[in-house]
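**Q** Structure, please.
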Amino acid sequence: MKKDVENMMQPDRVAEAVTYLAEKKKQGEYTISDYYAIPEDVRAELIDGVIYDMAPPLSVHQLLSAKIHGYLARYIEKKGGSCIPFFAPIGVQLDKDDKTIVEPDILIVCDRNQITRRGIYGAPDFVIEILSESTKKKDSYLKLMKYQNAGVREYWLVDPEKKKVIVYDFEQEEIPKIYGFDTQVPVGIFGGECKVDFAEIYEEIRFIYKII
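**A** Coordinates of the predicted model:
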């Protein structure tokens, strides 16, 4: 299964970010040291030694990210506690090896010992990826497996095109739940007490759908 997904993601292709590295390697052999050698203004991810370019996000992506993060941040601020919400770009070293650093669109970390000067070490409690044409396969298959295996508790895939949210509760359920942009989506790691109102968000950003 993992090999099939890796083949689908075309790991042998040369990412543009690789051109900035002094030492060229085969895809699959790059490490965190190589990742940090890429200029800061060039966005990329490192997954199992493979460097993937990251295209600039579309306007709908940015609006969704800001609105969703706002819901999470307001809830966390109101309730207090140790959890902290972050949004991209911030590097997350998922594994103990030195071959994977991802940049989730939104994440929540409840163990502050995981927060380092450079980013996050270890699996966040909660991750959201907002799908686009350039990231859909990677987010839906490769990163899904990486997050689950690393110990992420909950993973959302937000699909602006199909106006739906796919929720994976890795602690409780094997089958994901699917919500439309016409409802509230409960955050499982907070016992469902926190809800992201996608109906309200969509009303606020629906104008953007006329120009995309």
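
**Q** Tell me, domain by domain, which residues of this structure belong where.
**A** As assigned by automatic domain parsing, the chain contains the domains 2-53, 59-210.

**Q** which secondary element of the chain has the worst mean pLDDT?
**A** Across the helices and strands of the chain, mean confidence by mean pLDDT, DSSP states H and E is lowest for helix 2-8: a mean of 49.

**Q** What's the first helix or strand after that helix?
**A** helix 32-37 (DSSP states H and E).

**Q** Start from the N-terminal end of this protein and give the helices.
**A** Secondary structure of the chain by DSSP state H: the helices cover 2-8, 32-37, 59-79, 136-137, 143-150, 198-205.

**Q** out of those, nearest to residue 183?
**A** helix 198-205 (6.0 Å; Cβ to Cβ). Using the backbone N, CA and C atoms, a C-beta is placed for each residue, glycine as well.

**Q** quick one: buried residues of the closest one?
**A** 198, 201, 202, 205 (16 or more other Cβ atoms under 10 Å).

**Q** Tell me the one of the residues you listed nearest residue 68?
**A** In terms of Cβ to Cβ, no member of these lies closer to residue 68 than residue 201, at 7.1 Å.

**Q** Quick check: closest non-adjacent residue to the closest one.
**A** The shortest distance from residue 201 to any non-neighbouring residue, by Cβ to Cβ, 6 or more residues apart in numbering, is to residue 67 (4.5 Å).

**Q** Also residue 100?
**A** residue 94 (5.0 Å).

**Q** OK, contacts around the residue positioned nearest the centre of the chain?
**A** In the chain, the centroid-proximal residue (Cα atoms, centre = their mean) is residue 104; its distance is 2.5 Å. Taking Cβ atoms under 8 Å, 6 or more residues apart in numbering, we find residue 104 in contact with 88, 90, 92, 124, 127, 128, 129.

**Q** For residue 156, see how far away the closest residue to residue 83 other than its chain neighbours is.
**A** Sequence neighbours aside, residue 110 is the residue nearest to residue 83 in space, at 4.2 Å (criterion: Cβ to Cβ, 6+ apart). Separation of residue 110 from residue 156 (Cβ to Cβ, to the nearest Å): 16 Å.

**Q** more crowded one of those two?
**A** It is residue 156, of residue 110 and residue 156, that has more neighbours when counted by other Cβ atoms under 10 Å, with 23 against 16.

**Q** I'd guessed that one sits against residue 165; true?
**A** Yes: Residue 156 is in contact with residue 165 according to Cβ atoms under 8 Å; the separation is 5.8 Å.
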